[in-house]
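Participant: Provide a 3D model corresponding to the input given below.
(one chain, ligands or ions: 2)
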Amino acid sequence: MKNSAIPVVDELKSTTWQEELGQAVSSVHELYEILGLDCTKIHTPKSFGLKVPRAFVRKMKQGDLNDPLLLQVLPDTQETIAMAGYSNDPLLEHEHNPIKGLLHKYKSRVLITTTGACAVHCRYCFRQHFDYQANMPTAAQMGEIGSYIAACDDIDEVIFSGGDPLSLSHRRLALWFEMINALPNIKTIRIHTRLPVVLPSRVDDALLTLLKNSPKNIVMVLHINHANEIDTVLQDKCQALKQAGITLLNQTVLLKSVNDDVDTLCKLSHALFGVGVLPYYLHVLDKVQGAAHFDVPIARVVEIYWQMLERLSGYLVPKLVQELPNKPYKTPVNLYRE
Ligand SMILES: *Cc1c(COP(=O)(O)O)cnc(C)c1O
Ligand code: SF4
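Facilitator: Numbers count the residues shown, from 1 in each chain. Ligands and ions are numbered 1, 2, ... in the order given. Below you'll find the predicted structure:
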């Protein structure tokens, strides 16, 4: 008789965040099936295909094609329409790229595109056409980046971005920290990430320890566009991050049909504050090819923002900004129009 009923120890191990990431949904058919939706309009892009972790899918409403979380990740045929005024590099970032992987556009801080990978593919993303493979720093370039930063006294903050820096393996992320932790001119390390929202298991003990052990100020800027993305799992992770001494901020992109009304944005600000996160930026959409169907006319943006000012405590109002090519800061949107 075989002992096949006895489970081997391996099967009792819980899933790691990497395994969960590997199981992200990449088929539109499967996503529709999980959500109990009819497969009516299916668009399968040639690149930047559907990618969404199951933890994020679980926050979507069943049977609702207009769910604001679904709309952020579902490929749409409108993406293929070429629009005048939309480009593949709307921010002309290639002009501020002294070393592969390093963007030095603003005086006091640099942004490192540590990886091209993300846990989720957001359809409106301005980096969807960025050649990450060509821009991902090698080990040698990591060293060059370190020397560049060390040699520039103006720089006091390093931003890990991407892609999503938290999609890096722990080992690779630890290498980046080790390097930047050792630079005396750097006061703050900032992480721009969506992982705690779309794959909360990424915020594990190893990450918390890495952050806690850094001698620098640590700021984490989350990217949340709708209050439905915030649940008790995220709340627990935010609490753990705060206990590790990390400042938590959020950036939102203003997106048509997702969050382009004052009630939705006020609700988001309150929900963020409820989990210990302060609203930082509200971005006007970058004019990237394939994202025109998310665009909100600027007059409407301004109208919404005035209403937010009227309704929210000052610290719950994010700064309304636009990223303009060759400007050395994020440009505040002009609220005073004829
Ligand atoms: C957004 C951004 C930063 C950070 O800007 P803050 O205003 O400090 O949040 C830095 N570098 C680049 C290239 C950026 O796009
Ligand atoms: S997580 Fe950020 S970088 Fe990645 S696809 Fe979404 S918006 Fe773009």
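Participant: CA atoms for contacts and neighbours, from now on please.
Facilitator: Noted.
Participant: tell me the pLDDT of the residue nearest to the spatial centre of the chain.
Facilitator: Note on the chain: the residue nearest the mean C-alpha position is Arg194, at 3.8 Å, using Cα atoms, centre = their mean. pLDDT, Arg194: 98.
Participant: how about Lys13?
Facilitator: Each residue has a pLDDT score; the one for Lys13 is 60.
Participant: which residues in the chain form helices?
Facilitator: 9-12, 17-22, 28-34, 54-57, 68-73, 132-135, 139-150, 170-181, 195-198, 205-212, 232-243, 262-274, 298-311 (DSSP state H).
Participant: now these in CSV, with mean neighbour count and distance to ligand 2?
Facilitator: Output for these, formatted as CSV (neighbours: other Cα atoms under 10 Å; distance: least, Cα to the nearest ligand atom, whole Å):
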stretch, mean neighbour count, distance to ligand 2
helix 9-12, 8, 31
helix 17-22, 15, 13
helix 28-34, 16, 17
helix 54-57, 18, 12
helix 68-73, 20, 9
helix 132-135, 15, 11
helix 139-150, 16, 20
helix 170-181, 15, 17
helix 195-198, 22, 8
helix 205-212, 15, 18
helix 232-243, 17, 16
helix 262-274, 19, 17
helix 298-311, 15, 20
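Participant: which one of those helices has the lowest average pLDDT?
Facilitator: helix 9-12 - the lowest mean pLDDT of the helices of the chain, at a mean of 50.
Participant: roughly how far does the residue in the stretch 151-300 of the chain that ligand 1 sits nearest to sit from His293?
Facilitator: Here the stretch 151-300 of the chain gets closest to ligand 1 at one residue, Ile159, 6.9 Å apart by Cα to the nearest ligand atom. Separation of Ile159 from His293 (Cα to Cα, to the nearest Å): 30 Å.
Participant: ok, back up a step: distance to Lys330 added to the helices of the chain, as a markdown table?
Facilitator: Shown next, in a markdown table, are the helices of the chain (distance: least, Cα to Cα, whole Å):
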| stretch | distance to Lys330 |
| --- | --- |
| helix 9-12 | 48 |
| helix 17-22 | 32 |
| helix 28-34 | 35 |
| helix 54-57 | 29 |
| helix 68-73 | 23 |
| helix 132-135 | 23 |
| helix 139-150 | 21 |
| helix 170-181 | 24 |
| helix 195-198 | 24 |
| helix 205-212 | 27 |
| helix 232-243 | 26 |
| helix 262-274 | 20 |
| helix 298-311 | 16 |
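Participant: possible to save those as CSV with distance to ligand 1?
Facilitator: Formatted as CSV, the helices of the chain follow (distance: least, Cα to the nearest ligand atom, whole Å):
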stretch, distance to ligand 1
helix 9-12, 43
helix 17-22, 26
helix 28-34, 31
helix 54-57, 25
helix 68-73, 21
helix 132-135, 14
helix 139-150, 13
helix 170-181, 16
helix 195-198, 18
helix 205-212, 19
helix 232-243, 20
helix 262-274, 18
helix 298-311, 19
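Participant: figure out which of the ones you listed is closest to Lys107.
Facilitator: Within the helices of the chain, the stretch nearest Lys107 is helix 139-150; the backing value is 11.6 Å (Cα to Cα).
Participant: contact partners of the closest one?
Facilitator: Applying Cα atoms under 8 Å, 6 or more residues apart in numbering, the contact partners of helix 139-150 are Ile99, Lys100, Leu102, Ile155, Trp176, Met179, Ile180, Leu183, Pro184, Asn185.
Participant: which of the residues you listed fall in strands?
Facilitator: Secondary structure from DSSP state E places Leu102 of the contacts of helix 139-150 in strands.
Participant: are any of the contacts of helix 139-150 buried, and which?
Facilitator: Ile99, Lys100, Leu102, Ile155, Trp176, Ile180, Leu183, Asn185 (16 or more other Cα atoms under 10 Å).
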